[in-house]
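Peer 1: sequence first, predicted model second:
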There are 2 protein chains.
Amino acid sequence: MLALSIAKGRARVVQGHPRPEARSDESRVAVDLCGVCATDLALLGGYMGFEGVPGHEFVGHALDGPLAGQRVVGDINAGCGTCGPCRAGDSRHCPDRTVLGILGRGGAMAEVLRLPHANLVPVPDSVSDERAVFAEPLAAALAVLDSGALDHAPQRAAVVGDGRLGLLCAWALSTRVARVELFGRHPGRELLLGGGVHHLGAALAPTTTAREPYELVVEASGRPELLDAALGLLAPRGTLVLKTTAAGPVRFDAARLVVQELRLLGSRCGRLADALAVLEREAPKVERLIEARYPLSRATEALADAGRGGRLKVLVEMPGAPAP
Amino acid sequence: MLALSIAKGRARVVQGHPRPEARSDESRVAVDLCGVCATDLALLGGYMGFEGVPGHEFVGHALDGPLAGQRVVGDINAGCGTCGPCRAGDSRHCPDRTVLGILGRGGAMAEVLRLPHANLVPVPDSVSDERAVFAEPLAAALAVLDSGALDHAPQRAAVVGDGRLGLLCAWALSTRVARVELFGRHPGRELLLGGGVHHLGAALAPTTTAREPYELVVEASGRPELLDAALGLLAPRGTLVLKTTAAGPVRFDAARLVVQELRLLGSRCGRLADALAVLEREAPKVERLIEARYPLSRATEALADAGRGGRLKVLVEMPGAPAP
């Protein structure tokens, strides 16, 4: 089959890539659309030492298994099924997990992928492919709401980063926090998704001391070096949710964390069912984030495009996918 | 008066140091005993750019004010009294606060100190000076219990560091968590305070992967470079309470925080009244941590002694203090 494959720090489209063979507890899925994520670009740069087919934001249709013939999205974490976290329904923290297109399992930038039956979630008819392909990143943004970040009922929150994930996080927060302010280089983008988010521009660090501090800040810039500036936005006892994953060690002002008694919460994936329920409604208008579409045969260009500064969402379309 | 003073990175005992002049809302306190804290040693090393009289762990007797003549300990944070945190009773997060012997306010390694009336707490007769002088560090240890660390009702916890603060934190946790394990270089010390803490020795990092992970870890080693090893002890969604204050930036594995969805909580001071209530009972036997006492005239030796590896608590006695 046709697939994009990463090896030795290079991505290339492979014509005769072997089709994945599903185990008895797995379904095969014909991929229709796949979004390019910052993690894919990090993998290309060496993160996780990944080699193989990347891609984990997808919508497709099941070729076999319990949902055969249905449109599906899929939870990207495939657990062992027997450890403590798996038995508690939390396969994303299984120590032996594989992760679609990230860890030990080929991903969605291919004609066909495989995932455990239990990972697949049917997509309601009312949700278009162009919206469903955002289920995974939207779920990751909605996960901020479950991270403990709202324990102290903040009235104001800030999001650092107005890229793909930052916009989704700001929108998610706007459903629960009275005022959400967004820092980034692209004023105007906050209007794409709706939600009444206020864009404050890129002047993050210099204005920190003058600005009224926040009870809650979400760091979603993809730039680990902004961690201290994000911490500097917080009021004492404030909470920072960290969404940015860094490939190497990050330096930060640990004394500030202690002296101000701040909370730093790591947050990763969310629940696809929650995201689909949101996508069944009109808001957020995630499809407005799509800036380009490439056929799988030109997926290397899609990666290069997504890696250019300031791009929102770039999609890869599979050969058999229905036309938009 | 006699006082220890830090200037230009050197500590020396000064004979004619000016007595502090109390404002109308402040009391003067004749210090009886003062404990040497790791923070004092950090100040000597340049932390906070502090110059003046250090010392913030003390017991003394009020010379004037509402508690004149009574034995007292004191909250070290003196707020402005008018800002939001102060009005909410949280002067330790007042942006304009002074901190006894740490920030903008001379400390307790002197015959007399001054603090706002409201900061002083009378010491019950049943609590000896040798126990009362631990009120401040014990309060800091008890603060771990209020930090949100117990939100998920952990059954097992670890403390990294078996120095003064680590032992107090381990004891505090042992009152609320079924099993508390202690990492450090001095097996046997866990017996000093009681509480049924289990000492696992110093083999922290190498055994991390083999060991069953913890839901809660407290980092109290005073060694910021152990942060990653401490994070490595955690189960997914686990909580690390950071008590160690570092003078410079700290490097850590931020990706682990995100991928494992960990919580990192900064924790500093606690409530003296809580500590005194604990000290009225028999446990913990904090006075067993005292390893040496020096007269104020030899306070420089006290600092040097406390700075030697492996020392527990070193005290400084003031000239007018009652004999033990």
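Peer 2: Alright, I've got the coordinates.
Peer 1: quick one: residues contacting whichever residue of the stretch 1-150 of chain A sits closest to chain B.
Peer 2: Using Cβ to the nearest Cβ, the closest approach of the stretch 1-150 of chain A to chain B is made by A:His93 at 3.5 Å. The C-beta positions use only the backbone N, C-alpha and C, and glycine is treated the same way. Listed by Cβ atoms under 8 Å, 6 or more residues apart in numbering or on different chains, the contact set of A:His93 reads A:Pro85, B:Pro236, B:Arg237, B:Gln260, B:Glu261.
Peer 1: repeat that for A:Gly196.
Peer 2: Counted by Cβ under 8 Å, 6+ apart, A:Gly196 has contacts A:Ser174, A:Val180.
Peer 1: cool, A:Ala158 as well?
Peer 2: Applying Cβ under 8 Å, 6+ apart, the residues contacting A:Ala158 are A:Val180, A:Glu181, A:Leu182, A:Phe183, A:Leu200, A:Tyr214, A:Leu216, A:Val217, A:Val218, A:Leu233.
Peer 1: ok, it to chain B distance?
Peer 2: Distance, A:Ala158 to chain B, by Cβ to the nearest Cβ, to the nearest Å: 18 Å.
Peer 1: just checking: what are the partner strands of the strand or helix carrying that residue?
Peer 2: Assigned by DSSP states H and E, A:Ala158 falls within strand A:156-160. Sheet pairing for strand A:156-160, assigned by DSSP bridges, gives strand A:179-183 (parallel), strand A:214-219 (parallel).
Peer 1: export it to CSV, keeping only CA atoms.
Peer 2: Taking Å, rounded to 0.1, in the frame of the first residue of the first chain, the C-alpha atoms of strand A:156-160 are listed here in CSV:
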residue,chain,number,x,y,z
ARG,A,156,-9.7,34.3,34.2
ALA,A,157,-7.4,32.1,32.3
ALA,A,158,-4.6,32.6,29.7
VAL,A,159,-3.4,30.3,26.9
VAL,A,160,0.2,30.7,25.7
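Peer 1: can you mark which positions in that strand are buried?
Peer 2: Buried residues in strand A:156-160, counted by 16 or more other Cβ atoms under 10 Å in any protein chain shown: A:Arg156, A:Ala157, A:Ala158, A:Val159, A:Val160.
Peer 1: so can I have CSV of those showing pLDDT and distance to B:Glu225?
Peer 2: CSV is the format used below for the buried residues of strand A:156-160 (pLDDT from 0 to 100; distance: Cβ to Cβ, whole Å):
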residue, pLDDT, distance to B:Glu225
A:Arg156, 95, 35
A:Ala157, 96, 33
A:Ala158, 95, 31
A:Val159, 96, 31
A:Val160, 95, 27
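Peer 1: quick one: those residues as TSV, columns for distance to A:Ala292 too.
Peer 2: Formatted as TSV, these follow (distance: Cβ to Cβ, whole Å):
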residue	distance to A:Ala292
A:Arg156	35
A:Ala157	31
A:Ala158	29
A:Val159	24
A:Val160	25
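Peer 1: residues contacting A:Ser267?
Peer 2: Applying Cβ under 8 Å, 6+ apart, the residues near A:Ser267 are A:Ala140, A:Ala143, A:Val144, A:Ser147, A:Ala149, A:Val241, A:Leu242, A:Lys243, B:Val258, B:Glu261.
Peer 1: so which of those residues sit within strands?
Peer 2: Those of the contacts of A:Ser267 mapping onto strands are A:Val241, A:Leu242, per DSSP state E.
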